[in-house]
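J.: Okay, sequence plus prediction incoming.
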Amino acid sequence: MKNMDKYDYCLLDSATTHSIFNNKIYFSSVTLCKAQVKTIAGSAEIIDGSGNATIVLPNGTTLHIENALISGRSNKNLLSFKDVRRNGYHLETLVENTVECLCVTSYVMDKRIVHEKFEATASGLYCVQIRAFESYATMPWKLVNPDIHGLWHDRLGHPGTTMMRRIAQHTKGHPLKDTKILMSNEYFCESCSQGKLIIKPSIEKVGYESPSFLQRIHGDICGPIHPASGPFRYFMVLVDASCRWSHVCLLSTRNVAFARLLAQIIKLRAHFPDYPIKKLLMSIVQHWE
């Protein structure tokens, strides 16, 4: 069956912002998207995607429509006046034998040419017969996923741009060759950016000070831990500012932190009597569940 010879009906509407078709044969490609349309009964998700469509009117007038919508659950097709005007045609109404008609016209050398003529129905709407463009009706339909490049980039283990282009050019069975993103550097991968991020060391706030051993100790209490390590849900970390000495102890509650801290200070003073502790900076980092 030749789809190009099959006619379908379409309503011409001056109030709609986008043309909506319920058959994929009018599209060269469709980008998947979900959109809500407000109706009298409320909002409904009836839009399956969008893309460039081409339709042919009964007398052979071809209309190319950008960003047309596709809805497989729609009962009728809808053609916007705006899309007709964008193709360089005018829409004029006239009355012939007490019958109101809508004409698709154009002007060449100040001469008015009528390309199509549609009679109004009993409801006052204009119903038009349309058919698919010949090249679209015979070509295989392509469904484009806007994030297909990111999907394969993730599956292949986040290769670089050069490696991604080589893989796409020398493998079969995927639609990556048809994506324009391989020829540009517009793709952004958050995971790759975080993995290649280089953080410079922060500037020392106290550059002139060189504390000796145990002159300044920093401490943090973190928790609660989830899942808990037995009866312990918190831990305390003590780090000396002058060397790599550190101490970690587990806490059942934060109420025992002071006793553990005091016991550790007594041990340090007993083991290193020549290095008194002058400063102790404590901070509490709490993660709420």
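T.: That came in fine, so what should we check first?
J.: for the stretch 151-289 of the chain, what are the low-confidence residue spans?
T.: 173-188, 197-210, 284-289 (pLDDT under 70).
J.: For it, just list every one of the helices.
T.: Counting by DSSP state H, counting those that start in this stretch, the stretch 151-289 of the chain has these helices, from start to end: 161-169, 190-195, 257-271.
J.: So which of those is nearest residue 105?
T.: helix 161-169 (47.5 Å; C-beta to C-beta). Just so you know, the C-beta spots here come from the backbone N, C-alpha and C atoms, and that holds for glycine as well.
J.: Run through the neighbouring helices and strands of that closest one.
T.: Contact partners of helix 161-169 among helices and strands, from 3 or more C-beta pairs under 8 Å, 6 or more residues apart in numbering; DSSP states H and E: none.
J.: How far off centre is that helix?
T.: 23 Å (C-alpha atoms, centre = their mean, to the nearest Å).
J.: which parts of that helix are buried?
T.: Of all the residues in helix 161-169, those buried under the rule 16 or more other C-beta atoms under 10 Å are 164, 167, 168.
J.: contacting residues around the helix or strand hosting residue 130?
T.: Per DSSP states H and E, residue 130 falls inside strand 126-132. Residues from elsewhere that reach strand 126-132 (C-beta atoms under 8 Å, 6 or more residues apart in numbering): 3-12, 23, 25-26, 54-58, 77, 79, 102, 116, 118-121.
J.: Could you give me the PyMOL selection string for whichever of these are buried?
T.: Selecting the buried subset of the contacts of strand 126-132 in PyMOL, with 16+ other C-beta under 10 Å as the burial test, is done by:
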select buried, resi 3+8+10+11+12+23+25+26+54+55+56+57+77+79+102+116+118+120
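J.: I'd like to know which of the contacts of strand 126-132 are part of strands.
T.: Judged by DSSP state E, those include 7-12, 54-56, 77, 79, 102, 116, 118-119 as members of strands.
J.: Need the pLDDT of residue 38.
T.: Here, the pLDDT recorded for residue 38 equals 54.
J.: separation between the residue nearest to residue 116 when sequence neighbours are not counted and residue 235?
T.: Leaving aside its chain neighbours, residue 116 sits nearest to residue 104 (4.0 Å; criterion: C-beta to C-beta, 6 or more residues apart in numbering). Distance of residue 104 to residue 235, given as C-beta to C-beta, to the nearest Å: 77 Å.
J.: got it, and residue 282?
T.: In terms of C-beta to C-beta, residue 282 sits 14 Å off from residue 235.
J.: what touches both of these two?
T.: residue 221.
J.: tell me the strands in the stretch 101-250 of the chain, going along the chain?
T.: 111-119, 126-132, 142-144, 216-223, 234-240, 246-251 (DSSP state E, counting those that start in this stretch).
J.: if you count what's nearby, which of residue 104 and residue 235 comes out ahead?
T.: For residue 104 versus residue 235, neighbours defined as other C-beta atoms under 10 Å are more numerous around residue 104 (22 against 16).
J.: what's the pLDDT at that one?
T.: 90.
J.: what about it, distance to residue 132?
T.: Taken as C-beta to C-beta, the span from residue 104 to residue 132 is 19 Å.
J.: ok, now residue 58?
T.: Note on residue 58: its distance to residue 132, by C-beta to C-beta, is 13 Å.
J.: Please produce a markdown table containing the helices of the stretch 151-289 of the chain, extended by distance to residue 70.
T.: Supplementary listing: the helices of the stretch 151-289 of the chain in a markdown table, determined by distance: least, C-beta to C-beta, whole Å:
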| stretch | distance to residue 70 |
| --- | --- |
| helix 161-169 | 27 |
| helix 190-195 | 30 |
| helix 257-271 | 63 |
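J.: Of those helices, which is nearest residue 96?
T.: Using C-beta to C-beta, the nearest of those to residue 96 is helix 161-169, at 57.9 Å.
J.: Now do the SS call for residue 100.
T.: Of the three states, residue 100 takes strand under DSSP: H, G, I helix; E, B strand; the rest coil.
J.: Isn't it up against residue 120?
T.: Yes. Counting by C-beta atoms under 8 Å, residue 100 touches residue 120, with 4.4 Å between them.
J.: Please name the residues that touch the nearest residue to residue 213 once chain neighbours are set aside.
T.: Among residues not flanking residue 213 along the chain, residue 275 sits closest, at 4.8 Å (C-beta to C-beta, 6+ apart). Residue 275 sits next to 212, 213, 214, 215 when contact means C-beta under 8 Å, 6+ apart.
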